[in-house]
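**Student:** heads up, no residue letters with this:
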Ligand SMILES: Nc1ncnc2c1ncn2[C@@H]1O[C@H](COP(=O)(O)OP(=O)(O)OP(=O)(O)O)[C@@H](O)[C@H]1O
């Protein structure tokens, strides 16, 4: 890692130990270019944060890594495997190795905590019931909620629900977990708990974590390496310290939470005057 926060994906020396590598990825939805020449890599065993303004394409990147979306061009390798080239069954197998904690974190509302965590195990394996129970208890113990296993989702606080979702994301012992906005809507204490859990689980089990977030403080406290994306590609990258000290305006703007600056705040739209004077379109 060198010369970071300098604004290009080439800032980090290439490493053979990347679990995920995106190279020159382009992705559009209709006429709208979302990603255009995005390159990044995620080192094995690391916690890597992907930051960027709203709508900058962070969730899209996770969906591309997980094979839920296909790039228009560029390559996406996970553990050396080209994700866009996988057939459905192979993709399914790869996804078992990737835990995902979605932004909405939705637990299945009709199932209790225990059954929510058991769900992916029952879906993806044929483990005998006794072993399923064993695994679920262990996962719940890791997030401190073994005692809450018979509660229903509507009986949980936001922080507890997030922890259950985390236990579910690691139920199948994934090599990598992707977290989409894991801190959103949590009070500072619950946020601190989730930050610590993500870091501790990553380190204790030798996992690799990718965390998409807007939260600068949390990203800096949890991540080994940060990518800031905008305008379809990596604007800057570096360790938290390098990002904090970056002289680049877009990085300063983002790290200091300023709405005015080079990073676009507005979703692309036609001219305001045209909208105010023109007919609805
Ligand atoms: N299913 C979809 N259909 C059409 N456009 C979409 C769809 N999902 C996302 N987009 C658009 O793609 C762009 C990137 O979305 P994405 O969710 O990746 O951004 P993000 O950086 O994760 O944003 P946020 O932080 O607000 O969640 C946005 O402009 C969004 O409107």
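**Tutor:** Yes, it's here. Quick caveat, the model's predicted, so the values are computed rather than measured.

**Student:** quick check: residues of this protein near the ligand?
**Tutor:** With the criterion set to Cβ under 6 Å from any ligand atom, the chain comes near the ligand through 29, 34, 52, 54, 55, 56, 57, 58, 59, 60. To be clear about C-beta, it is placed using only N, CA and C from the backbone, and glycine gets the same treatment.

**Student:** show the buried residues in those.
**Tutor:** 34, 52, 55, 56, 57, 58, 59, 60 (16 or more other Cβ atoms under 10 Å).

**Student:** now, these that are in strands?
**Tutor:** Judged by DSSP state E, those include 34, 52 as members of strands.

**Student:** tabulate the buried ones among the residues of the chain next to the ligand (TSV), appending pLDDT.
**Tutor:** Shown next, in TSV, are these (pLDDT from 0 to 100):
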residue	pLDDT
34	96
52	91
55	88
56	91
57	93
58	94
59	93
60	95
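
**Student:** show me what contacts residue 149?
**Tutor:** By Cβ atoms under 8 Å, 6 or more residues apart in numbering, the contact set of residue 149 is 112, 113, 114, 136, 137, 140.

**Student:** try 10 Å this time
**Tutor:** Taking Cβ atoms under 10 Å, 6 or more residues apart in numbering, we find residue 149 in contact with 112-118, 133, 136-137, 140-141, 164, 167.

**Student:** so residue 159 versus residue 118, what's the distance?
**Tutor:** 21 Å (Cβ to Cβ, to the nearest Å).

**Student:** same for the lengthiest helix in the chain, what does it pack against?
**Tutor:** Counting residues, the longest helix found in the chain (DSSP state H) is helix 188-204. Counting contacts by 3 or more Cβ pairs under 10 Å, 6 or more residues apart in numbering; DSSP states H and E, helix 188-204 packs against strand 47-52, strand 98-101, helix 129-142, helix 158-169, strand 176-180, strand 208-213, helix 216-222.

**Student:** among the buried ones among the residues of the chain next to the ligand, which pair sits farthest apart?
**Tutor:** Using Cβ to Cβ, the two most remote members of those are 34 and 52, lying 11.3 Å apart.
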